[in-house]
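Turn this into a structure:
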Amino acid sequence: MAPWSPDTPCSCDCFASVPPASALPAVIFAKNSDRPRDEVQEVVFVPAATHAPGSRLQCTYIEVEQVSKTHAVILSRPSWLWGAEMGANEHGVCIGNEAVWTKEPVGEGEALLGMDLLRLALERGSSAREALHVITVLLEHYGQGGSCREDPTPFCYHNTFLLADRTEAWVLETAGRLWAAQRIQEGVRNISNQLSIGTDISAEHPELRPHAWAQGWWDGQGTFDFAQVFSLSQQPVRMEAAKARFRAGRELLQQQQGGITAEVMMGILRDKESGICMDSGGFRTTASMVSVLPRDPSQPCVHFLTATPDPSRSVFKPFIFGVGAAQAPQVLSPTFGAQDPVRTLPRFQTRVDRRHPLYRGHQVALGLMESEQARGQQLRQKQRDLEQEGLAVVRGLLTRECAPPAQELGGLFQAFVEKESQAYA
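The predicted structure is shown next:
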């Protein structure tokens with residue numbers, strides 16, 4: 001495994017607001033995915049499916065046993081891998097993951113990526129708690145490991161997760177096969193590339209405390225603080241930076257408690273001063289997501305996804321599971337089959353162009369924003385207007401004031417992707 005260095009990319013931020021912190025009776029989830037700056041994220045829709053007994057499933061590096069039925073999911077994922085950085089399923093479950101390093105060594109062997117675990121949990125879990133159980137069972141059986149970036153130099157880490165549904169949120173933090181989880185039934189919570197569960201542990205691996213005692217990390221008698229016991233004694237520079245982002249994110253959430261909306265979450269994801277909207281050297285926010293999960297089961301969950309980097313200059317577009325939901329081709333990256341560098345051994349010896357059509361148009365738009373002030377301002381205004389149009393549709397839907405016909409909901413994301421593509425053309 002490559003040595004960890006202060007310049008190693010390792011930043012993401014996830015947020016959740018649970019009533020009464022939200023301005024409406026809904027759980028609100030958000031994530032910025034911060035990755036190598038040239039990595040492309042695509043938005044992938046996978047319909048619900050049934051599978052034959054004994055089926056096997058190829059994930060990024062290894063195969064696992066398939067289950068008999070999988071849920072429909074919408075995923076924002078680095079286009080070279082099978083899993084996802086963030087996503088949601090048809091039952092209103094949302095998950096985001098983060099890189100973390102602990103006292104438990106990161107193995108070099110290929111296993112399930114944290115991003116694979118995230119997708120598997122969305123496909124198999126009908127609640128946040130059920131999705132958490134899916135992850136911990138798979139973690140125990142298969143372990144986590146393998147390079148997490150498209151590069152011949154391996155880059156490996158363990159994972160933390162923020163899971164949410166219509167009623168609550170959970171934080172799941174791992175160290176190898178060990179884990180601790182915290183249930184959030186009200187208020188706000190965020191995670192940022194560090195262990196954050198202290199003594200308030202709602203569930204844990206049965207060997208968590210015995211292992212800590214055996215390693216000499218805990219005396220077996222005093223208060224058990226998971227983050228304190230399992231965090232590295234000497235934190236690398238970027239882990240210290242993650243602490244600053246964690247504190248800033250918590251403060252931004254607390255300032256808005258009781259009034260948190262999708263727009264408030266989008267504003268937090270766009271905050272550059274805190275580093276939450278990342279653009280640092282070879283690393284940046286490559287995609288973003290905000291979800292509104294109403295407590296009323298008769299109301300649809302709405303998931304806003306950018307499919308493009310830098311949320312401060314991107315459009316959050318609404319996706320709703322429903323009749324007509326399908327893959328938007330403009331946000332789907334090209335595929336390379338058996339010749340893909342992730343499939344040929346040794347892996348990642350060559351590079352391929354994974355840019356999807358919307359990403360290409362967005363790149364041109366970003367260039368104009370930076371080089372031609374007048375044209376750039378016009379494009380940014382088009383982005384704002386389009387996003388406001390989507391937010392207005394969702395507000396009308398959730399307040400039942402002006403809801404689009406049910407048969408149009410499934411095509412909402414596709415319609416806004418086409419409008420954004422036209423703006424860049």
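
alpha carbons only for contacts and neighbour counts from here, please
Fine.

Tell me where the longest helix sits in the chain.
helix 373-399 (DSSP state H).

from the chain's centre, how far out does it sit?
The chain centre lies 23 Å from the centre of helix 373-399; the measure is CA atoms, centre = their mean, to the nearest Å.

who's in contact with the next helix or strand after that helix?
Sequence-wise, the next helix or strand downstream of helix 373-399 (DSSP states H and E) is helix 406-409. Applying CA atoms under 8 Å, 6 or more residues apart in numbering, the contact partners of helix 406-409 are 319-325.

Past helix 406-409, which element shows up next along the chain?
With DSSP H and E, the next secondary element past helix 406-409 is helix 412-424.

what angle do that following helix and helix 373-399 make?
170 degrees (axes from the mean of the first three to the mean of the last three CA atoms, to 10 degrees).

and for helix 412-424, what are the contacting residues?
315, 317-320, 327-328, 330-331, 358, 361-362, 364-365, 379, 382-383, 386, 390.

Can you go through the residues you listed and name the buried ones?
Buried by 16 or more other CA atoms under 10 Å: 315, 317-320, 327-328, 330-331, 358, 361-362, 365, 379, 382-383, 386, 390, out of the contacts of helix 412-424.

Just give me how far the helix or strand of the chain with the lowest mean pLDDT sits from the chain centre.
Every helix and strand of the chain was ranked by mean pLDDT, DSSP states H and E. The lowest is helix 406-409, at a mean of 79. Offset of helix 406-409 from its chain centre (CA atoms, centre = their mean): 26 Å.

which of the residues in that helix are buried?
Neighbour counts over helix 406-409 (16+ other CA under 10 Å) mark 408-409 as buried.

quick one: pLDDT of the residue of the chain positioned farthest from its centre?
Among residues of the chain, the one most distant from the C-alpha centroid is residue 221; the distance is 36.8 Å, by CA atoms, centre = their mean. Per-residue confidence (pLDDT) for residue 221: 93.

Please tell me how far it sits from residue 229.
Distance of residue 221 to residue 229, given as CA to CA, to the nearest Å: 13 Å.

Is the closest residue to residue 304 other than its chain neighbours within a helix or a strand, and which one?
Distances taken as CA to CA, 6 or more residues apart in numbering put residue 318 closest to residue 304, at 4.3 Å, once the chain neighbours are dropped. Using DSSP H and E, the element containing residue 318 is strand 317-319.

Partner strands of that strand and their direction?
Here strand 317-319 has these sheet partners by DSSP bridges: strand 302-305 (antiparallel).

what's in contact with the strand it pairs with?
By CA under 8 Å, 6+ apart, the list of residues contacting strand 302-305 reads 43, 76, 88, 287-293, 315-320, 394.

still on that earlier bit, the residue farthest from the centre of the chain belongs to a helix, doesn't it?
No. Remark: residue 221 does not belong to a helix; assigned using DSSP: H, G, I helix; E, B strand; the rest coil, it is coil.

And it, its phi and psi?
Here the main-chain torsion angles of residue 221 (degrees, to the nearest 10) amount to phi -120, psi -50.

Just want to check the distance between it and residue 200.
From residue 221 to residue 200 the distance is 17 Å (CA to CA).

do the same with residue 284
Separation of residue 284 from residue 200 (CA to CA) stands at 32 Å.

And these two? Which one has more around it.
residue 284 (25 against 13; other CA atoms under 10 Å).

Tell me which residues touch the more buried one, please.
Neighbour list for residue 284: 34-37, 277-278, 309-310 [criterion: CA under 8 Å, 6+ apart].

in which helix or strand would I find it?
Going by DSSP H and E, residue 284 is in strand 283-294.

Let's test this: mean pLDDT of that strand, rounded?
Rounded mean pLDDT across strand 283-294 is 97.

relative to helix 373-399, how tilted is it?
20 degrees.

Off-centre distance for strand 283-294?
7 Å.

With only the CA atoms kept, save that strand in CSV.
What follows is strand 283-294, C-alpha atoms only, in CSV (Å, rounded to 0.1, in the frame of the first residue of the first chain):
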residue,chain,number,x,y,z
PHE,A,283,-8.5,17.5,-5.4
ARG,A,284,-12.0,19.0,-5.7
THR,A,285,-15.7,18.4,-5.1
THR,A,286,-16.6,16.2,-8.1
ALA,A,287,-20.3,15.8,-7.4
SER,A,288,-22.9,16.8,-4.9
MET,A,289,-26.3,15.5,-3.7
VAL,A,290,-29.2,16.8,-1.5
SER,A,291,-32.3,14.7,-0.6
VAL,A,292,-35.6,15.6,1.0
LEU,A,293,-37.2,12.7,2.7
PRO,A,294,-40.8,13.6,3.9
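
List the strands paired with it, with their directions.
strand 26-36 (antiparallel), strand 279-280 (antiparallel), strand 302-305 (antiparallel).
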